[in-house]
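Colleague: would you be able to build a 3D model of this:
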Amino acid sequence: MIRIVETIARKGDWIRISNTVLEPHQRAEHLPEDTKKCPLTMWVKGFLLDEEAKINDTVTIRTYIGRELQGTLVAINPSYQHTYGAYVPELSYIGHQLRDILGGDHHE
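Modeller: The predicted structure follows:
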């Protein structure tokens, strides 16, 4: 599979922006120390309202529900990249064991 990486976004393109919501000194006092050291950052997807932009440009977007937000362009035509993590062999064993307990059949 050949993946084409976009480098320039044009008005109306689907993009992802990033923006710092709170700097570390603005974070709540009750947070764990390692959390307080990091800025609170948001990532939002939407349609580019500017005529043209490159990665790292400050841009304005309109989200799918109509909010207008500004932030730094971080991705053009972003894909969904969520997973359930790495394969855990123990879970396969547990599945077979559970079927034995419940009286079900094993199918590979």
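
Colleague: gap between stretch 57-74 and the chain center?
Modeller: 15 Å (CA atoms, centre = their mean, to the nearest Å).

Colleague: restrict the longest helix seen in the chain to CA atoms and write it as CSV.
Modeller: Ranked by residue count under DSSP state H, the longest helix found in the chain is helix 89-102. C-alpha atoms of helix 89-102 as CSV (Å, rounded to 0.1, in the frame of the first residue of the first chain):
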residue,chain,number,x,y,z
PRO,A,89,-1.3,-14.5,24.7
GLU,A,90,-2.7,-15.1,28.1
LEU,A,91,-6.1,-13.8,26.9
SER,A,92,-6.3,-16.7,24.3
TYR,A,93,-5.7,-19.2,27.1
ILE,A,94,-8.3,-17.6,29.3
GLY,A,95,-10.8,-17.7,26.4
HIS,A,96,-10.3,-21.5,26.1
GLN,A,97,-10.4,-22.0,29.8
LEU,A,98,-13.7,-20.0,30.1
ARG,A,99,-15.3,-22.1,27.3
ASP,A,100,-14.3,-25.2,29.2
ILE,A,101,-15.9,-23.9,32.4
LEU,A,102,-19.1,-22.8,30.5
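
Colleague: centroid residue for this protein?
Modeller: With distances taken as CA atoms, centre = their mean, W43 lies nearest the centre of the chain, 6.7 Å away.

Colleague: just checking, next helix/strand downstream of the host helix or strand of that one?
Modeller: Assigned by DSSP states H and E, W43 falls within strand 40-48. Using DSSP H and E, the helix or strand that follows strand 40-48 in sequence is strand 52-54.

Colleague: give the next helix or strand downstream of that following strand.
Modeller: Using DSSP H and E, the helix or strand that follows strand 52-54 in sequence is strand 58-62.
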